[in-house]
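Peer 1: only geometry, no sequence info:
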């Protein structure tokens, strides 16, 4: 346990620990609390009304989510609109009318239904009163006021269908059967125009609706194994489809495709990265007006000057990149979110008056805390490939590099082949926690990851622990050369594939890392390969060949436990079906224990792959903070009661390698 030992004028309270500490390691109660960093959101969905007079949002309380409406002219005019309703609201939308009404998606024992909240304050109307069915809004349109299209899935009949619903009479009319279609795109007249049909190889067929009502294939996307391709939207008149595609090219680009002829026009491309499979659409016409890519920094490609001017103003006003979450019917008011690596906050942007007004934070407990700056860089590795990196610096650091090299954590994301989300708070909260504790955090990319084109992805084949590991090493060396990282105080961490990389790095001779953290990482590539031979024989190794056998031997951490001399903190969940602890973590831990390796293993019996419960995130990082403070000298929040109570954490091995852990549990 941490004991109060001294008080500094510049700090409210500083704790040193009873155990011997590494230089500069100390525990402080003035840090951003872990419980706040890993708290559940207070707001989950925010929708701007078509007339920009108000926002509807879902607010979380102790019992269940509430549906609320707030006036943009008077923030005190904030009222709940679903008082007394059964079930939990999951999503909500405004109808596209002059006097907009609210539709919410609500889940109960009877299924997931859509409810209409009328302006007159009368009781909500169940628009989809089908027992056991699941419904969601497919589309509404200002061109067809008073009607919506809902997608309804009925488990009893095993049917998925689109229905037109009259909001005045609640009458439902069958519009289209989904059958083997994953999605149907509707024009502004609420008529089916384009459909998507997935294929077993991971590709998606794009189908046009014929005059007879049948579907005719006119384009195929993929196969897409990295999550970079997709339909962005259908123009309101139904004549053009916007797609992000990489057919016949290295990097995915945004195209406008004529639905009738199949002819395409290139709208946006990036020299280094795939265009992201999202785009900003004009609310009146459905025309694509802005696209983006990410390569160290967010790169925007505006297709209209007034949109470019709006983003330029926002970047100056909010001191960084922003995302547009919603747009009013006339396009003159935007709901925007800063993309700075911090917790989500909503602002309104009134384009005519050039006013940016704070609206609400997604996490109230974090609203008054300062978070670290995120910087984008591009690093060239030994064979000439270039990768984007993000650097998170402590809030006290104001320059582009720290005043002096810092204890540093290298973060390797999961996947590894997908285009991993780079502005998700689920990931960024851990990076910001570490920055708040005084670390520099370097989030790396590497060959085999998605979002940087086919060549980079293909270069990762059979290189999980080979050239991809060299990429991580080269970026680590770069961080030292740039005076970001103190070469003697560098750790490596990640989850899933990132957890594998941490284990692999620490079991390689002459690695530069003083410690590592592996969350549900892979220790035995051969075991993972056996779970999906068809795919992994093309990515990890082909075990039927001598070369494949060598790769599995060389690149599996479990085969090199004798090299584990730096402390390693591991965790796994008992419900993890992707990286089962019995075949991955447990054998590695037993081999490490037999060699008296400095390994600590925390087990969470109720967690799947990617932990869900906030209490377990809090308890794990309570231990991880103290672990890192001991081994590379950052700051830590005292354990408090974080290792007791609601958490399911079990210490399986190595409690002696984390100061205060035996007493704290």
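Peer 2: Yep, that arrived. What you see is a predicted model; the values in this text were computed from it and never measured.

Peer 1: top helix in the chain by residue count?
Peer 2: Criterion DSSP state H: the longest helix present in the chain is helix 614-632.

Peer 1: what's the spacing between that helix and its chain's center?
Peer 2: 21 Å (Cα atoms, centre = their mean, to the nearest Å).

Peer 1: try stretch 208-227
Peer 2: With Cα atoms, centre = their mean, you get 28 Å for stretch 208-227.

Peer 1: Can you point out the buried residues in it?
Peer 2: Neighbour counts using 16 or more other Cβ atoms under 10 Å place 208-209, 215, 218-219, 221-222, 224-227 of stretch 208-227 among the buried residues. Every C-beta, even on glycine, is put in place using the N, C-alpha and C of the backbone.

Peer 1: The residues you listed in strands, which ones?
Peer 2: 208-209, 215, 218-219, 221 (DSSP state E).

Peer 1: Among the residues you listed, which one lies nearest to residue 155?
Peer 2: Set against residue 155, the nearest of those by Cβ to Cβ is residue 215 (24.5 Å).

Peer 1: show me the contacts for the closest one.
Peer 2: For residue 215, the contact set (Cβ atoms under 8 Å, 6 or more residues apart in numbering) comprises 181, 195, 197, 207-209.

Peer 1: Tell me which residues touch residue 98, please.
Peer 2: Contacts of residue 98 by Cβ under 8 Å, 6+ apart are 51, 145.

Peer 1: That one: what secondary structure?
Peer 2: When classified by DSSP: H, G, I helix; E, B strand; the rest coil, residue 98 comes out as coil.

Peer 1: Please apply the same query to residue 593.
Peer 2: Strictly by three-state DSSP, residue 593 counts as helix.

Peer 1: For it, which non-adjacent residue is spatially closest?
Peer 2: Using Cβ to Cβ, 6 or more residues apart in numbering and skipping residues adjacent in sequence, the residue nearest residue 593 is residue 653, 5.7 Å away.

Peer 1: tell me the angle the longest strand seen in the chain makes with helix 614-632.
Peer 2: Using DSSP E to define each element, the chain has its longest strand at strand 485-495. Calculated by axes from the mean of the first three to the mean of the last three Cα atoms, to 10 degrees, strand 485-495 forms an angle of 150 degrees with helix 614-632.

Peer 1: Now do the buried residues in strand 485-495.
Peer 2: Quick answer for strand 485-495 (16+ other Cβ under 10 Å): 485-486, 489-495.

Peer 1: gap between that strand and the chain center?
Peer 2: 23 Å.

Peer 1: after that strand, next one along is what?
Peer 2: helix 497-506 (DSSP states H and E).

Peer 1: Show residues contacting that next one.
Peer 2: Here helix 497-506 has contacts from 411-416, 464-465, 468-469, 472-473, 492-494, 511, 513, 515-523, 555, 557, 563-564, 566, 568, 570, 579, 588, using Cβ under 8 Å, 6+ apart.

Peer 1: just checking, which of the residues you listed belong to strands?
Peer 2: Among the contacts of helix 497-506, the ones falling in strands (DSSP E) are 411-412, 492-494, 515-519, 568, 570.

Peer 1: Show me the shaky parts of this structure.
Peer 2: Counting by pLDDT under 70, the chain shows low-confidence ranges at 1-29, 63.

Peer 1: where does the residue of it most remote from its centre land in three-state SS?
Peer 2: The C-alpha centroid of the chain is most remote from residue 212, which lies 41.6 Å away (Cα atoms, centre = their mean). What three-state DSSP gives for residue 212 is coil.

Peer 1: Then residue 205?
Peer 2: Looking at residue 205 with three-state DSSP, the answer is strand.

Peer 1: and what of residue 56?
Peer 2: Strictly by three-state DSSP, residue 56 counts as strand.

Peer 1: Which strand residues bridge it?
Peer 2: Per DSSP bridges, the residues bridged to residue 56 are residue 47, residue 69.

Peer 1: Can you tell me how far residue 428 is from residue 82?
Peer 2: Residue 428 sits 31 Å away from residue 82, going by Cβ to Cβ, to the nearest Å.

Peer 1: Contact partners for the residue nearest to residue 558 when sequence neighbours are not counted?
Peer 2: Distance criterion Cβ to Cβ, 6+ apart; nearest residue to residue 558, sequence neighbours excluded, is residue 523 at 4.4 Å. Going by Cβ under 8 Å, 6+ apart, residue 523 touches 500, 503, 556-558, 584-585, 587-588.

Peer 1: for residue 627, same thing?
Peer 2: Contact partners of residue 627, counting by Cβ under 8 Å, 6+ apart, are 515, 517, 567, 569, 600, 657-658.

Peer 1: Turn the residues you listed into CSV, columns for neighbour count.
Peer 2: Formatted as CSV, the contacts of residue 627 follow (neighbours: other Cβ atoms under 10 Å):
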residue, neighbour count
515, 23
517, 30
567, 24
569, 27
600, 24
657, 18
658, 26
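
Peer 1: Which member of the residues you listed is positioned nearest residue 374?
Peer 2: Distances from residue 374 to the contacts of residue 627, taken by Cβ to Cβ, are shortest for residue 517, at 20.5 Å.

Peer 1: So what sits opposite that closest one in the bridge?
Peer 2: Here residue 517, judged by DSSP bridges, has bridge partners residue 493, residue 569.

Peer 1: Report the contact partners of it.
Peer 2: Residue 517 sits next to 491-494, 499, 502, 568-570, 624, 627-628 when contact means Cβ under 8 Å, 6+ apart.

Peer 1: mind putting these in TSV, distance to residue 539 included?
Peer 2: Converted to TSV, the contacts of residue 517 look like this (distance: Cβ to Cβ, whole Å):
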residue	distance to residue 539
491	27
492	22
493	23
494	18
499	17
502	19
568	25
569	27
570	24
624	29
627	31
628	31
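
Peer 1: For burial, what's the neighbour tally of the residue nearest to residue 478 when sequence neighbours are not counted?
Peer 2: Distances taken as Cβ to Cβ, 6+ apart put residue 379 closest to residue 478, at 4.9 Å, once the chain neighbours are dropped. Residue 379: 21 surrounding residues under other Cβ atoms under 10 Å.
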